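Colleague: Fold the following, please.
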Amino acid sequence: MTKIDVRPVKLPDEKQESANQALSRVRDYLAEHQDASQVRVTVQDGVDREPLVLPREAVELLASLLAHLGAGRAVSIVPSDAELTTQQAADMLNVSRPFLIGLLDAEEIEYRTVGSHRRITASSLLEYQRRDDHRRRLVADELTQLGQEMGTI
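Modeller: This is a model prediction of the structure:
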C-alpha cells in the first residue's frame, strides 16, 4: 500500500486561462484522434528532442486535471491503493473526523488498523462516495416524484 501526503494544487487566477486554453487544444486533439491509443507530444524547450509518446489514458487524465484547474478548483492526484489517515479521508469527503470514525465503526467504509491507527485506501473511500451519491440520487428522485404526484412541483 502507498502512503501519501495529499496536497491539493490550485492555480493562481492569472494562470487559469492558460489551463483553459491548453484544455481546449487537448480536447480538440482527443476528439480528432479518437482511435489513437497513444498521443505524441512535442515539447519546445530550445533543444531538438524526439516527441514524448503518452498513453491516451494519461492525456485524458491531463484533460480532466486542466478542466478542474482552469475552473479554479484545487486538485490532488491520489493513487487508488494509497493509504489515508482518518483525517486525510475526512478531508477528502469534506466531513469531520468524528463523523468519518462513525462511518468506519458502522462498517460503511473498509479500513485496516496499523497499531491503534486506522488506514483507509483511497479506493475504499471512493467506493463509499459512489454508493452514497447513488443513494442520494435515489432519494432525490423519489422526493421529486412525490412532489409531482402531490402537485407541488
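
Colleague: tell me the contacts of Ala67?
Modeller: Leu23 (C-beta atoms under 8 Å, 6 or more residues apart in numbering). Where C-beta positions appear, they are placed from N, C-alpha and C, glycine not excepted.

Colleague: domain parsing for this structure?
Modeller: Per the record, the chain has its domains at 6-70, 82-150, by automatic domain parsing.

Colleague: Mean pLDDT lowest where, among those?
Modeller: Of all the domains of the chain, the minimum mean pLDDT falls on domain 6-70 (a mean of 90).

Colleague: quick check, distance from that domain to the centre of its chain.
Modeller: Taking C-alpha atoms, centre = their mean, to the nearest Å, one finds domain 6-70 lying 16 Å from the centre of the chain it belongs to.

Colleague: For the closest residue to Val9 other than its chain neighbours, what are phi and psi?
Modeller: Leaving aside its chain neighbours, Val9 sits nearest to Val75 (5.7 Å; criterion: C-beta to C-beta, 6 or more residues apart in numbering). As for Val75, its main-chain torsions (degrees, to the nearest 10) stand at phi -130, psi 140.

Colleague: re the thing from before, so of the domains of the chain, which one's packed in deepest?
Modeller: Here the criterion is mean neighbour count by mean count of other C-beta atoms under 10 Å, and of the domains of the chain the winner is domain 82-150, at a mean of 14.

Colleague: Could you check how far that one is from the centre of its chain?
Modeller: Computed by C-alpha atoms, centre = their mean, the separation of domain 82-150 from the middle of its chain amounts to 15 Å.

Colleague: Do you have the helices of this structure handy? List them.
Modeller: 13-32, 56-70, 86-93, 97-105, 122-150 (DSSP state H).

Colleague: could these go into JSON lines alongside distance to Val43?
Modeller: Output for the helices of the chain, formatted as JSON lines (distance: least, C-beta to C-beta, whole Å):
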{"stretch": "helix 13-32", "distance to Val43": "13"}
{"stretch": "helix 56-70", "distance to Val43": "14"}
{"stretch": "helix 86-93", "distance to Val43": "33"}
{"stretch": "helix 97-105", "distance to Val43": "42"}
{"stretch": "helix 122-150", "distance to Val43": "30"}
